[in-house]
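> Quick one: sequence and predicted model below, then my questions.
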Amino acid sequence: MSPNAYVLLGAVLFGIGAAGLLIRRSPLVMFMCIELMLNAVNVTFVAFSKMLNDVGGQVVVFFVLVVAAAEVVVGLGIIVAVMRRRSGISADDLSLMKG
Amino acid sequence: MPDFVAPTLDLHALAPEFVLAGVVCVLLLLDVVLLDRAKAIVGSIAGLGLLGSLVPILTLATSDHPTRTMFGGSYVVDSTSLLLKALFIVSAYVVVLLSTNYIGEGDYWESEYYTLLVSSVLGMTVMASARDLISIFVALELLSIPAYMLAAWSKRDGRSNEAGMKYYLMGVFASAILLYGMSLLYGWSGSTQLSEIGRAIGEKNSPAVTLGVVFVLVGFAFKVSAVPFHMWAPDTYEGAPTPVTAFLAVASKAAGFVALIQVIGQALVLRMNVMIPVVAVLAALSMTIGNLIALRQTNVIRMLAYSGIAQAGFMLAPFVASQYGGIDAIVIYLVLYAATNLGAFAVVMAIARRTRSAEISSFGGLFSYSPGLAVALSVFLASFVGIPPLGIWYGKLSVMRALIESQGRWATVLAIFVALNTAIAAYYYLNVAKTMWFDDAPEGESTPIKVPTSLRFAVGIALVATIALGVYPGPLTDAATPEATPAAAPSGR
């Protein structure tokens, strides 16, 4: 496959992730969709890096991977804190504050 | 393949960041070594450490060559970035002052709280110097990830959990959008450095560049809570512990603006045709919708959240006039807004210690039993409205001047929006002042509110900054203007 196809793959994955985040209501699944979006970004960066013959794009991927790992830890922590209080919660139930 | 050449490090230029990183390590170690005994000292150490990191900023500002460039132009320390670093550090110091009693008296983990707060500030100071997509992204995450945790800090409070969850999901979503935009900009320019990107996308135009620019702007719009990407802000502000809210509303929002300043000022200058309409629409929507919703709030914290959204609109507007001093106007506005907003939060916290509520009605008759707090809050509210000579009036003036001088179509429309919205905002700010001065006090409220020393100190710093910078804004203007020499007359521009 040419790098162009991977750029397209990245765009499709990003779209799926974004759509999933907006449609699904379970915090855990929304969270997985965000990971999908971040990985779509990684695919795009690597594809561009290959097309441009420039290593910079691949360096970005390492940073994104590390940051995404840190985000997973924090995100799961917050989700666990919420689930402990009210199990089986959906994002729509998080509505103590409105207006 | 050329041999690897180690980049030269200017340790003096990096000293503020090193001090902050050291403070983070010390706070973490203290918690591990002293366990519960650390609680008594972590707050003071965090405060002292923040003040300590101001020392290298002062020596850098007064040194012979204030502009220092590292890593091939990816990291720049100049007078504007020093001013912004000082803004972040002083704001964080005031937040530490706000936190000492609040966090000490509540059911909170203290050492980790201050560790995360200082690491978030470290991310902000890096952001002020970052001129490269990678360092901007890492700085943004370093300042955001601790903030997600701080928003959910009150673990047993459902509202704090909800605040953290909403902030987290929206924040990470915004990061993903921002990163995708960055990947498109990288793909069309072949560099991660902002100045290179600026050159490359100025020469080549393609739909992908437009998409990249829009995605990057939308990603930052979440961070600065611009309408229509503001949904998280009021709930997060209300649910998070109040000192954290002050931190998010001031420092975190300012960091988002700093990132926008770098990206727009360095990379998008030649793509104004895409940038101006997007930013102008965001600014106009933020001002108008933020103000209209603020009008019907009954809770002061939520009102401050929506007023913060409206103020973000005022600060976004000058980007359309960035060649006419618009960027300087934003920096000036950021500093004045930080002073005023921190002060307002400090007073609201002092009052809420007694009344246990932040409803506007609970402020009734405050002047009769606690005149000092009532006067202080009135000063901050008047500064929000833009009454001279208090703080934000000068920010509003700079914004208007930049917009009118640029004479662009979008800028003129925005100038009208700014004027109209200033008038709308006056109503809800002054309504709170009216409640304090003229309404009756609730039953049994007659003794003055006792304000702890640290809160008094925080209100004092904010009051002095709000009044002094409003009366004599010359030094602030000099520092915010990149080319200004120390000898330039304050009234020169």
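Happy to help now that I have it.
> neighbours of the residue in the stretch 301-450 of chain B that chain A sits nearest to, just the number please.
Of all residues in the stretch 301-450 of chain B, residue B:302 sits closest to chain A, at 7.0 Å by CB to the nearest CB. The way it works is simple: take the backbone N, C-alpha and C, and place the C-beta from them, glycine included. Residues lying near residue B:302 (other CB atoms under 10 Å in any protein chain shown) number 22.
> host element of it?
Element membership for residue B:302 (DSSP states H and E) is helix B:300-316.
> How about residue B:148?
Per DSSP H and E, residue B:148 falls inside helix B:133-151.
> Next one: the longest helix seen in chain A, is it in contact with chain B?
Under DSSP state H, the helix in chain A containing the largest number of residues is helix A:56-85. Yes: against chain B, helix A:56-85 shows contacts by CB under 8 Å from any CB of the partner chain at A:56-57, A:59-60, A:63-64, A:67, A:70-71, A:74-75, A:77-79, A:81-82, A:85.
> That helix to helix B:133-151, inter-axis angle?
Helix A:56-85 and helix B:133-151 meet at an angle of 10 degrees, taking axes from the mean of the first three to the mean of the last three CA atoms, to 10 degrees as the criterion.
> Could I get the buried residue list for helix A:56-85?
In terms of neighbour count (16 or more other CB atoms under 10 Å in any protein chain shown), helix A:56-85 has its buried residues at A:56-57, A:60-61, A:63-64, A:67-68, A:71, A:74-75, A:77-79, A:81-82.
> roughly how far is the helix or strand that contains residue A:17 from the heart of the chain?
Here residue A:17 sits within helix A:3-23, counting by DSSP H and E. From the chain centre to the centre of helix A:3-23 is a distance of 10 Å (CA atoms, centre = their mean, to the nearest Å).
> Over to stretch B:154-174?
19 Å.
> Could you list the alpha-carbon positions for it in PDB?
Only the C-alpha atoms of stretch B:154-174 are listed here, as PDB (Å, rounded to 0.1, in the frame of the first residue of the first chain):
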ATOM      1  CA  SER B 154     -12.900  15.700  46.000                       C
ATOM      2  CA  LYS B 155     -13.200  11.900  45.500                       C
ATOM      3  CA  ARG B 156     -16.300  11.300  47.600                       C
ATOM      4  CA  ASP B 157     -18.300  14.200  46.100                       C
ATOM      5  CA  GLY B 158     -20.300  13.100  43.100                       C
ATOM      6  CA  ARG B 159     -20.200  16.600  41.700                       C
ATOM      7  CA  SER B 160     -16.500  16.700  41.800                       C
ATOM      8  CA  ASN B 161     -16.300  13.300  40.000                       C
ATOM      9  CA  GLU B 162     -18.700  14.600  37.400                       C
ATOM     10  CA  ALA B 163     -16.600  17.700  37.000                       C
ATOM     11  CA  GLY B 164     -13.400  15.700  36.500                       C
ATOM     12  CA  MET B 165     -15.100  13.300  34.100                       C
ATOM     13  CA  LYS B 166     -16.600  16.000  31.900                       C
ATOM     14  CA  TYR B 167     -13.300  18.000  31.800                       C
ATOM     15  CA  TYR B 168     -11.300  14.800  31.000                       C
ATOM     16  CA  LEU B 169     -13.500  13.600  28.200                       C
ATOM     17  CA  MET B 170     -13.800  17.000  26.600                       C
ATOM     18  CA  GLY B 171     -10.100  17.800  27.100                       C
ATOM     19  CA  VAL B 172      -8.800  14.600  25.600                       C
ATOM     20  CA  PHE B 173     -11.200  14.900  22.700                       C
ATOM     21  CA  ALA B 174      -9.900  18.400  22.100                       C
END
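> what comes up buried for that stretch?
Residues of stretch B:154-174 classed as buried: B:154-155, B:157-158, B:160-174 (neighbour count, 16+ other CB under 10 Å).
> mean confidence for it?
Stretch B:154-174 shows a mean pLDDT of 87.
> what about that stretch and chain A, touching?
Yes: under the criterion of CB under 8 Å from any CB, chain A is reached by stretch B:154-174 at B:155-156, B:158-159, B:161-166, B:168-169, B:172-173.
> ok, which pair from those is furthest apart?
Farthest pair in the residues of stretch B:154-174 next to chain A (CB to CB) is B:156 and B:173. Separation: 26.8 Å.
> Contact partners for residue 29?
Reading this off chain A. By CB atoms under 8 Å, 6 or more residues apart in numbering or on different chains, the contact set of residue A:29 is residue A:20.
> ok, and it, which helix or strand is that part of?
Taking DSSP H and E as the criterion, residue A:29 maps to helix A:27-52.
> Name the helix or strand for the closest residue to residue A:41 other than its chain neighbours, please.
Distance criterion CB to CB, 6 or more residues apart in numbering or on different chains; nearest residue to residue A:41, sequence neighbours excluded, is residue B:179 at 4.3 Å. In this structure, residue B:179 sits in helix B:158-189 according to DSSP H and E.
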